[in-house]
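[1] Give the three-dimensional model of this entry:
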Amino acid sequence: MSRPRLLFLSPRFLFPLDQGGRIRTAGILRAMKGGAFEITLASPVPPDAGRFGAEIESVCDRFVAWPAPRRAVTERVAMLARRLPVAVASDVSEEGRRIVAEALAPADLLVADFPHSAVLLDRVPERSLIFTHNVEAEIFERHAKVARWPMRLVWASQARKMRRFEGETLRRFATAIAVSARDAEALARDYGHPRVRPIPTGVDLEFHGYSDPPGTVPADGGTVVFSGAMDWPANIDGLRFLMEEVWPIVRARRPAVRGIGVGRNPSDTLRAQGAKLGWSFTGYVDDVRPHVRAADVSVIPLRVGSGTRLKAFEAMASGRPMVSTTLGVEGLDVTPGEHLLVADDAGAFAAAILRLLDDDALRLGMARAARALVEAKFGWDVVARAFEAICRDTLET
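    Here you go, the predicted model:
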């Protein structure tokens, strides 16, 4: 008996897995492959996509693609005057629309990844879902609150455009999937969507294997790690907060403390600032695990963003006790004080880092409690089954 045909439309190529949205989508598709649906993945591809053949095969039964649009900086600046947000307008592709229309014709169900996918659709079929990894407009609105002039005006303008686009787009789809109950409530409230269904955030428990955190930390030192794309505006803002406001307090108590930033494309400015403060940056790495495991404490100093942060569960799975802002673990089913420490102002964040560095028993107990939590609730198989159930429900409604 043939399985229903699911077309999964992504506005970005999924590989390498160096961003939270890519990791989440790939984790779900990989766990769904061979299940209830025959999966066709449609996405743009960069020139080097051929080296990811095995990875593509692992997440879908069929792959269709078109060349990823290449936008010069001047072109992106010109897009500021358009009705669409720049982040959305950058995904427009006439060839992409044609290929997606052909792939959609035989499909029984459409899943659009991110609202950005809508610019690649001539029509949205009755049986359709949109997978929202964030409340997109919220990201822009939070940037506008913390940005300096004149970028504050740019973010505010983009936020208004994204708020309009996101609402119009979500209402075109029969079902919206959110990555937390908190996001589901926000999307239903802000955009009046009648069918918003949450799924949990997941983590690859085998890949991010557990090891106890290192033993006693030197009295004047210790290592703190932050992982994420270093060219992502939210991460840049978080690192600025960490290095400029939090780090001086930590170093006053522990002058030999080190910080490691793990992720792609750190700017020369970021590297130079970090070098003065005991921070180093790896740039892109094929495997973040050795860098995370070499640390005593993991941090998520985010003040901007939406959705849920996969890096939180990755640190928890790996056994590295964590300090995060409230926003950094927003929407995650975690208990501050048991699974991690949460602090928002610079003094409290620094105190939390120092508390973990000072207390061997606390680091070990928190690491083990966090691993037990993700093992019980947040493996990708659990998340994929929830996602698949929502797809089946939409198809049968």
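
[2] The longest helix along the chain packs against which elements?
    Counting residues, the longest helix in the chain under DSSP state H turns out to be helix 151-170. Counting contacts by 3 or more CB pairs under 8 Å, 6 or more residues apart in numbering; DSSP states H and E, helix 151-170 packs against helix 86-89, strand 128-132, helix 136-146, helix 181-191. For glycine as for every other residue, the C-beta is placed from the backbone atoms N, C-alpha and C.

[3] I'd like to know which of the ones you listed lies nearest to Pro301.
    helix 136-146 (12.2 Å; CB to CB).

[4] Just the buried residues of that closest one, please?
    Glu136, Ala137, Glu138, Ile139, Phe140, Glu141, Arg142, His143, Ala144, Val146 (16 or more other CB atoms under 10 Å).

[5] Go through those residues and say which is closest to Val203.
    Distances from Val203 to those, taken by CB to CB, are shortest for Ile139, at 22.0 Å.

[6] And that closest one, how close does it get to Asn265?
    19 Å (CB to CB, to the nearest Å).

[7] What are the contacting residues of the longest strand anywhere in the chain?
    The strand that spans the most residues within the chain, counting by DSSP state E, is strand 38-45. Residues from elsewhere that reach strand 38-45 (CB atoms under 8 Å, 6 or more residues apart in numbering): 2-14, 29, 32-33, 56, 59-69, 91, 93, 96, 99-100, 103, 107.

[8] just the buried residues of helix 136-146 now: which is nearest Val304?
    Closest to Val304, out of all of these and judged by CB to CB, is Arg142, at 4.5 Å.

[9] Quick check: that closest one touching Leu302?
    No: contact status for Arg142 versus Leu302: not in contact, 9.5 Å apart, counting by CB atoms under 8 Å.

[10] show me where pLDDT drops low in the protein?
    Low-confidence segments of the chain (pLDDT under 70): 1, 306-308.

[11] for the buried residues of helix 136-146, which one is nearest Ala317?
    Closest to Ala317, out of all of those and judged by CB to CB, is Ile139, at 25.1 Å.

[12] wait, the closest one sits on Gly305?
    Yes: proximity of Ile139 to Gly305 meets the contact threshold set by CB under 8 Å, at 5.9 Å.

[13] Now for those two: what residues contact both?
    Ala234.

[14] so what are the domain limits for this protein?
    5-202+379-396, 223-377 (automatic domain parsing).

[15] Between the two ends of the longest one, what distance do you get?
    The separation between the terminal residues of domain 5-202+379-396, taken as CA to CA, to the nearest Å, is 13 Å.

[16] circling back to that earlier point, quick one: the domains of the chain as TSV, columns for distance to Ser211 too.
    Putting the domains of the chain into TSV (distance: least, CB to CB, whole Å) gives the following:
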stretch	distance to Ser211
domain 5-202+379-396	18
domain 223-377	5
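
[17] And the strands in the stretch 201-350 of the chain?
    223-227, 258-262, 279-281, 297-300, 322-324, 341-342 (DSSP state E, counting those that start in this stretch).

[18] What strands line up against the shortest one, and which way round?
    As defined by DSSP bridges, the strand partners of strand 341-342 come to strand 322-324 (parallel).

[19] Ok, the third one next?
    Next to strand 279-281 in the sheet, as set by DSSP bridges, lie strand 258-262 (parallel).

[20] Grab the nearest non-local neighbour of Gly35.
    The shortest distance from Gly35 to any non-neighbouring residue, by CB to CB, 6 or more residues apart in numbering, is to Glu388 (5.9 Å).

[21] how far away is that neighbour from Phe37?
    7 Å.

[22] Overlap in contacts, the two.
    Counting by CB under 8 Å, 6+ apart, nothing touches both Glu388 and Phe37.

[23] More neighbours: the two, which one.
    Taking neighbours as other CB atoms under 10 Å, Glu388 and Phe37 compare with Phe37 leading, 22 against 18.

[24] Spatially nearest residue to the more buried one, not counting backbone neighbours?
    Per CB to CB, 6+ apart, closest to Phe37 is Leu6, 4.0 Å.

[25] can you check Arg253 too?
    Arg253 sits nearest to Leu354 (CB to CB, 6+ apart), 5.7 Å away.

[26] residues contacting Gly328?
    Gly328 touches Gly238, Ile300, Pro301, Leu302, Gly305, Arg309, Ala312, counting by CB under 8 Å, 6+ apart.

[27] right, and the helix or strand after the longest strand of the chain?
    helix 53-59 (DSSP states H and E).

[28] Please enumerate residues in contact with that next one?
    Residues contacting helix 53-59 (CB under 8 Å, 6+ apart): Leu14, Phe15, Ala26, Leu29, Arg30, Lys33, Ile39, Leu41, Ala49, Phe63.

[29] switch to 6 Å and redo it
    Phe15, Ala26, Leu29, Arg30, Phe63 (CB atoms under 6 Å, 6 or more residues apart in numbering).

[30] Tell me how many other residues crowd Ala275.
    So Ala275, with other CB under 10 Å, has 11 neighbours.

[31] May I see the buried residues of stretch 198-208?
    Buried residues in stretch 198-208 (16+ other CB under 10 Å): Pro198, Ile199, Pro200, Thr201, Gly202, Val203, Asp204, Leu205, His208.

[32] I am finished for the moment; much appreciated.
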